[in-house]
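*Asks:* Pasting the sequence and the predicted model now:
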Amino acid sequence: MTIFRMEFHKIVSKKYVWIFAIVIATFYAITLSGSSSSSSRFYRKALQPVFDEVNAAAYDPAISSYIVEKQFNVTVEEIKPLLSPEIEKTIESYKGQTYQRMWEKVKDYVVNLVIRIDERKATIAKLEASPNTPLNRYLLNKYTNMPKIQANMTKWDSWIDTNKSVLPIVIAFVILLGTSGVFSDEYTSKMHGILLTCKKGRKEVFWAKLSASALFSAICALIFQLLNAIIAALYYGVPFTNTPLNSLTLFYQMPTTLSAMELYILEILGSVVGAVVLSFVTLCISSICHSNFLSFFISGIYFAIGFILSNALEANFEQGGYISRLLTLPGDVSTFSLMSLVNVLGNGKVFATANFAIPTVLLTIVVQAVVFVIAIALTFYFYNRREVIA
Amino acid sequence: MKLETHNLTKNYGEKCAVDNVNLEFEQGIYGLLGPNGAGKTTLIKMIVGILPPTKGTVTLDDTLISKLDEKYRDLLGYMPQDIGYYRTFTAKQFLEYIALLKGLEPKEAEKKIDTLLDMVGLSDAKGKRLGQFSGGMIRRVGIAQALLNDPKILVLDEPTAGLDPKERIHFRNILSELSLDRIVILSTHIVSDVESIAGKVILLRLGKVITFDTNENLLHSMEGKVWDATVTHQELDRLKTQFTIGNAFQKDSGFEVRIVSDVKPTENATPAEPSLEDVFIYHFGGLDYDNI
């Protein structure tokens, strides 16, 4: 038995944490299942064999110029003769209504891709003609170095989107439940006086509580990410290939050079690191509060503020996608944003002044690192310096 | 080993809970006596280092306890007045956890836990959850945890509250044995807890030390101030208004009373052998603590 194991045991032995976690996980699974569309899953899956042919068609100068000439308004009959016979062969195997809809889908994929390629060219041209500001230089660099856009035929949109808001909230809720009483429970049970007079009751207990909370939070984040991946795989299917992020509907205009797989892995990493930061902030609040509930409530407000700032304010800006403003910055650098990363990293957000332009995600990491260190320092101070009042 | 407090003061807002206390502890048992609200617990908490003083210091062999930090806590055994525990832990688990915090090796801890559980009479209940324990049993666990590291400085705040008379006697005997090579500070408002075992007694009132002396000297100082008398009911009522009455027993001949007074309270009063309780009554008897 070690102090760390005892502290970890104290956290995980709270039955209500697991009861809530199971209830929330079930609710989450049901919510996720309700949001998936079976028809879109079917077409994506059915057309996977002709993924390369669809991409090739959009990048074919003859086909793309034809689509542009027609102002992106083409019919299946017009485009059909221009496409690879492989596509026809694949679709031939489907009869009835599905056959026609599948052709419509292929047409949409190709036209959509041509639109995006065209928009990308236009954006680059516009940036080249714009004043040489740090922001324009940054954006031009990003857009010109982006990987080739592909047809949006993978399931990455759905996979990545699960991490946007609901999953971080679910993870945060369980973390708050588990860690909000780490210090305040000692005050409530009146163990504080005994702990602080034991040889190892100060530094060792403090670090053991921190490590146990960090491990609990990381495990929570990973369990929910795993659960999310299982549910997403069941409802959306596994993305058959990696794809540049700019190929996905959610991100195609964003200045990011990441691939969908990279973003998803970073989301998981951000979720774990953010969970640890959130747990340390909760510990700091717990070290001040004499009540578990109060600690839970205040920590919840801390997280909710980040969530609200990150989501609500964003919607009020037209350009909203990738520019961090002074008003949105508090939300962009919040613990929620680190746990989500869809907004700041997926959207390739950038914070620019007259002299420089930097990716917002760097600011998020720096701010959260500062929050992390301050939370540790304050927790240590409050735990050791708290007056034990009978 | 010498533990000292220097001008130790603790203020809560405008209220002074402990006022400029200077004490010196060496090997032996020290009884810290005072009525409720006298500042005993506050003083104890500052001595064990869990309550920062407003002013003053606590030193062990001339070194600040805050500087000694872990070294000081390694020597310390503390049982708080309001003892904390984890309801879901068994007595054994709880003591194992505290042993871990006190830095005991697992094998050493196991032996010590068995000995202490036996000593406090909880061997049969060691597998029972603390949430199911009575108040007296919890206090016994509290005593055991304080003794786990064989502390050289043992500080006990109201340790006998909730114990039955037999347990209290047993506990006093344990303390007597322990006091041979260590400092034992025993805070209580129950005079009989310290009367037979404390070498020195500290009387605390309104946060101030009013007396700090040996048991013998305190009793000596009371000679000629303690009286026994047999009085009628009317006389008793009159005496109550003029003197501090210790005990009053109704007998066939009237009331047999014990009076603490600098002067002979009544014609038929005879001098009596003073006890520590008389010292307590002499200093605190007339005070209305409800208004403090």
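*Replies:* Received it, and whenever you're ready, just let me know what you need.

*Asks:* alpha carbons only for contacts and neighbour counts from here, please
*Replies:* Will do.

*Asks:* Sketch out the helices for the stretch 151-292 of chain B, chain order is fine.
*Replies:* Here the stretch 151-292 of chain B has its helices, by DSSP state H, counting those that start in this stretch, at B:165-178, B:191-195, B:215-221, B:233-242, B:276-284.

*Asks:* mind checking how far the residue nearest to residue B:282 when sequence neighbours are not counted is from residue B:141?
*Replies:* The shortest distance from residue B:282 to any non-neighbouring residue, by CA to CA, 6 or more residues apart in numbering or on different chains, is to residue B:260 (6.0 Å). Per CA to CA, to the nearest Å, residue B:260 is found 38 Å from residue B:141.

*Asks:* same thing with residue A:219?
*Replies:* Separation of residue A:219 from residue B:141 (CA to CA) stands at 35 Å.

*Asks:* before we move on, what about residue A:178?
*Replies:* In this view, residue A:178 and residue B:141 are 28 Å apart by CA to CA.

*Asks:* what about residue 9, how many neighbours?
*Replies:* Because you didn't say which chain, this covers chain A. Neighbour count of residue A:9, defined by other CA atoms under 10 Å in any protein chain shown: 12.

*Asks:* wrong one, I was asking about chain B
*Replies:* Using other CA under 10 Å, residue B:9 is surrounded by 24 other residues.

*Asks:* same thing with residue B:266?
*Replies:* Residue B:266 is flanked by 15 other residues according to other CA under 10 Å.

*Asks:* so what's it up against?
*Replies:* Residue B:266 sits next to residue B:229 when contact means CA atoms under 8 Å, 6 or more residues apart in numbering or on different chains.

*Asks:* helix/strand/coil for residue B:87?
*Replies:* Under the three-state scheme (DSSP: H, G, I helix; E, B strand; the rest coil), residue B:87 adopts coil.

*Asks:* Give me the phi and psi for the residue in chain B positioned nearest to chain A.
*Replies:* As assessed by CA to the nearest CA, chain A sits closest to residue B:84 within chain B, at 4.1 Å. Per-residue torsions, residue B:84: phi -90, psi 150 (degrees, to the nearest 10).

*Asks:* these two touch, right, it and residue A:194?
*Replies:* Yes - if you go by CA atoms under 8 Å, residue B:84 and residue A:194 touch, sitting 7.2 Å apart.

*Asks:* for chain A, what helix or strand is lowest in average pLDDT?
*Replies:* One helix or strand of chain A scores below all others by mean pLDDT, DSSP states H and E: helix A:38-46, with a mean of 74.

*Asks:* so after it, what's the next helix or strand?
*Replies:* Going down the chain from helix A:38-46, the next helix or strand is helix A:51-59, by DSSP states H and E.

*Asks:* Who are the packing partners of that next one?
*Replies:* Contacts defined by 3 or more CA pairs under 8 Å, 6 or more residues apart in numbering or on different chains; DSSP states H and E place helix A:51-59 against helix A:61-69, helix A:85-92, helix A:96-129.

*Asks:* give me that answer again for 7 Å
*Replies:* Packing contacts for helix A:51-59, counted by 3 or more CA pairs under 7 Å, 6 or more residues apart in numbering or on different chains; DSSP states H and E, involve helix A:96-129.

*Asks:* in the helix it packs on, what's buried?
*Replies:* For helix A:96-129, the neighbour count (16 or more other CA atoms under 10 Å in any protein chain shown) marks A:102-103, A:105-117, A:120, A:123-124, A:127 as buried.
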